[in-house]
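[1] this one's structure only:
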């Protein structure tokens, strides 16, 4: 058995993967309707397709030359995935006859079902496949198990394979009704100047472009399916082997090299956030760390905008980022799970709008993603949180016991919401009598507000909401307490490796730029925090805003680079806007020094850009 399996595996690795024949680029399309992340929500999908005049009351195509785009994740979690697939497969034929088209872009959940990663398949989805076909497949599989292990227990076998499991797997196999159809679908398409992907555009897209990205991902998926099908057929396991457990589970039946090859296949871009089905950079990462990648990917695709799903909107409405160049359409259509809204993007006559099934007849623009530094309940955006902190009832105060400014942790309540904040009320000049010198040695709570206000001016989104507040007659500031966070020191002591959607190095780079700009002399491992999703948050700026032009000691020494988008934002700063925002908290000499440091950053950026252009031209 082991020798036969090794031979089959080796032969399969030498077989070239089949290429999909799909077209990936479409031009001169008059009307496009886009839906995202249906997740088996069949009634909701019907509602939004009717609202956008894609189907009639009989569920037949009435869209004429409209191109309907699904951004993937039609399946998993919801009860009616099979109905959703059947509907779109039928509409594909009807649309073609009417001069329109249906494009189903593969999402990570389609890829998971095809590959047998069934973590999110609901019982209702399996049950939709129950019947004689499933029973026949079950009995055949049980006989294969007994051939390998006559002592196997039927009860355990049936428990591991819910009713409908076998017919479901057959339907999503490469030769099955749904698997065969999905394997011809694209991972990424472009219609006129708009790119459509399930998750987003990772660096892979900028590197390979439209055609080669699709071909590469199809080849990776096909190679994996061929290999795993042979392995599973030879093993006939009594229980399904989970996707992540497969390399270890079969390691005893393959050579070490072949086991490593299987593991490498599972780490290919088609299964990871390095590919467009899982990537969340444009949805979650700081625009300053992600803008260059987005620009490069759009250039490679010949597109100016991206429409993506995959990341559920916290407001239940479609959102936009990157000055409208990215529309995030996953509004949480599966209401029992995501409590969102059935939504569709409509592009017509060069204009875009969002249709919602619960707002019939209305067409809205995507919401601008609200600033929200640090997780908080009730989805309060930072603009609302500012007022909340200023007005909420003080329920409790406790001493933190660290820091010269004697910070206190305050529990606040308002409108049924309870949050915590840090209250700072003391400032010190350390005995310095010279007013000019005091600016460069003082420790002042006022600088916390200045840091927050500057962060808002720059759109950096790294400093928590900070507001002035008088508590028990004592004037100070309240800064939102970022719960469920970990400082950098703890991370290093525990030897944790960040595994969030957004890389940490670009975030450290932004931290260094900010600290140079404000001349922060107290950036430590304790005041650089990571949230649970490994987003960097910066606190404690009471020792910043010195008047020096030299660089302060940076937490991460070495070169750092100024992202072009941030350079543009810095260049737009002027003395008037800074004095308006920071004047109540900083001396004019501190603002002047900040502008001089800004100018130095821009000169260095321009110098490096010139060197890079010369190198590229040479």
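    Yes, it's here. Note that the structure is predicted; figures quoted are calculated from it, not measured.
[2] Show me which positions of stretch 264-272 end up buried.
    265, 266, 268, 269, 270, 271 (16 or more other CB atoms under 10 Å). (Glycine included, C-beta is placed from N, CA and C.)
[3] Give me the distance between the two termini of it.
    11 Å (CA to CA, to the nearest Å).
[4] Please enumerate residues in contact with that stretch?
    Contacting residues not belonging to stretch 264-272 are listed as 111, 115, 187, 202, 204, 216-217, 220-221, 223-224, 227, 243-244, 246-247, 275, 277-278 [CB atoms under 8 Å, 6 or more residues apart in numbering].
[5] mind redoing it with 6 Å?
    Contacts with stretch 264-272, where a contact means CB atoms under 6 Å, 6 or more residues apart in numbering, come from 204, 217, 220, 221, 224, 275, 278.
[6] Okay, the third one and residue 103: tell me how far apart.
    Going back to what we said before, that points to residue 220. 21 Å (CB to CB, to the nearest Å).
[7] Show me which of those two is the more surrounded one.
    residue 103 (23 against 19; other CB atoms under 10 Å).
[8] before we move on, back to that, show me which of the buried residues of stretch 264-272 is closest to residue 605.
    residue 269 (31.8 Å; CB to CB).
[9] Can you read off the backbone torsions of the closest one?
    phi -60, psi -30 (degrees, to the nearest 10).
[10] Where does pLDDT dip in the stretch 301-450 of the chain?
    403-405, 430-437 (pLDDT under 70).
[11] Which parts of it are strands?
    Ranges of strands in the stretch 301-450 of the chain, per DSSP state E, counting those that start in this stretch, are 305-308, 319-321, 326-328, 343-348, 351-356, 367-368, 393-399, 408-414, 417-424.
[12] In its sheet, which strands sit next to the shortest one, and in what direction?
    Each strand paired with strand 367-368, and its direction, by DSSP bridges: strand 319-321 (parallel).
[13] outside of the strand it pairs with, which residues touch it?
    Here strand 319-321 has contacts from 313, 327, 328, 366, 367, 369, using CB under 6 Å, 6+ apart.
[14] now the residues you listed in a markdown table, with distance to residue 546?
    Output for the contacts of strand 319-321, formatted as a markdown table (distance: CB to CB, whole Å):
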| residue | distance to residue 546 |
| --- | --- |
| 313 | 41 |
| 327 | 42 |
| 328 | 40 |
| 366 | 42 |
| 367 | 39 |
| 369 | 34 |
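[15] Could you single out the nearest of the residues you listed to residue 481?
    For the contacts of strand 319-321, the nearest to residue 481 is residue 369 (22.8 Å; CB to CB).
[16] Count the residues that sit near the closest one.
    Using other CB under 10 Å: residue 369 sits among 20 other residues.
[17] now it: how far from residue 327?
    In terms of CB to CB, residue 369 sits 11 Å off from residue 327.
[18] Which residues belonging to stretch 116-130 are considered buried?
    116, 117, 118, 120, 121, 122, 125, 126, 127, 128, 129, 130.
[19] can you check stretch 156-176 too?
    Those would be 157, 161-173, 176, for stretch 156-176 by 16+ other CB under 10 Å.
[20] The stretch 501-618 of the chain: strands as residue ranges?
    528-530, 536-538.
[21] I'd like those laid out as a markdown table, including mean pLDDT, mean neighbour count and distance to residue 358.
    Below are those laid out as a markdown table (pLDDT from 0 to 100; neighbours: other CB atoms under 10 Å; distance: least, CB to CB, whole Å):
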| stretch | mean pLDDT | mean neighbour count | distance to residue 358 |
| --- | --- | --- | --- |
| strand 528-530 | 97 | 22 | 37 |
| strand 536-538 | 98 | 22 | 35 |
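[22] would you list the ones you listed in CSV and tack on distance to residue 146?
    Converted to CSV, these look like this (distance: least, CB to CB, whole Å):
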stretch, distance to residue 146
strand 528-530, 51
strand 536-538, 56
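[23] So which of those strands is nearest residue 97?
    strand 536-538 (52.9 Å).
[24] related to what we said a few turns ago, which of the strands of the stretch 301-450 of the chain sits closest to residue 571?
    Per CB to CB, nearest to residue 571 of these: strand 319-321, 21.6 Å.
[25] what about that closest one, distance to the chain center?
    12 Å (CA atoms, centre = their mean, to the nearest Å).
[26] again with stretch 118-127
    Taking mean C-alpha positions (CA atoms, centre = their mean), stretch 118-127 and its chain are 24 Å apart.
[27] Could you list the low-pLDDT ranges of this structure?
    1-22, 403-405, 430-437, 609-618.
[28] Give me the buried positions along the longest helix seen in it.
    Scanning the chain for the helix with the most residues, using DSSP state H, yields helix 203-235. Using 16+ other CB under 10 Å as the test for burial, helix 203-235 gives 204-206, 208-210, 213-232, 234-235.
[29] Could you list every helix and strand in contact with that helix?
    helix 2-13, helix 287-301 (3 or more CB pairs under 6 Å, 6 or more residues apart in numbering; DSSP states H and E).
[30] what angle sits between it and helix 287-301?
    80 degrees (axes from the mean of the first three to the mean of the last three CA atoms, to 10 degrees).
[31] Quick one: end-to-end length of stretch 124-135, please.
    Span of stretch 124-135 from end to end, CA to CA: 17 Å.
[32] contacts for stretch 63-80?
    Counting by CB under 6 Å, 6+ apart, 29-42, 54, 81, 84, 98-107, 109-110, 113, 120-122, 124, 196, 198, 309, 334, 337 sit against stretch 63-80.
[33] Just these: which are in strands?
    31, 32, 33, 34, 35, 101, 102, 103, 104, 196 (DSSP state E).
[34] what's the burial count for the closest residue in space to residue 121 that isn't next to it in sequence?
    Nearest residue to residue 121, sequence neighbours excluded (CB to CB, 6 or more residues apart in numbering): residue 76, at 5.9 Å. Close neighbours of residue 76, defined as other CB under 10 Å, add up to 24.
[35] And residue 76, its phi and psi?
    Torsion angles, degrees, to the nearest 10, at residue 76: phi 80, psi 150.
[36] next one: the helix or strand encompassing residue 90 to chain centre, how far?
    Here residue 90, judged by DSSP states H and E, is contained in helix 81-97. Distance of helix 81-97 from its chain centroid, counting by CA atoms, centre = their mean, is 29 Å.
[37] Counting by contacts, list what that helix packs against.
    strand 101-104.
[38] Work out the sheet partners of the strand it packs on and label each with its direction, please.
    Strand 101-104 is paired, per DSSP bridges, with strand 67-70 (parallel).
[39] Could you list the buried residues of the partner strand?
    67, 68, 69, 70.
[40] And those, which two are furthest apart?
    Longest span within those, CB to CB: 67 and 70, 11.0 Å.
[41] Tell me which residue is most central in this protein.
    residue 280 (2.7 Å; CA atoms, centre = their mean).
[42] I'd like the ones in strands among the contacts of stretch 63-80 written out as CSV, with distance to residue 525 added.
    Listed next are those as CSV, based on distance: CB to CB, whole Å:
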residue, distance to residue 525
31, 54
32, 49
33, 50
34, 44
35, 45
101, 54
102, 53
103, 48
104, 47
196, 42
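[43] Just the buried subset of those residues, written out for ChimeraX, thanks.
    Under the burial definition 16+ other CB under 10 Å, those of the ones in strands among the contacts of stretch 63-80 that qualify are selected in ChimeraX by:
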select :31,32,33,34,35,101,102,103,104,196
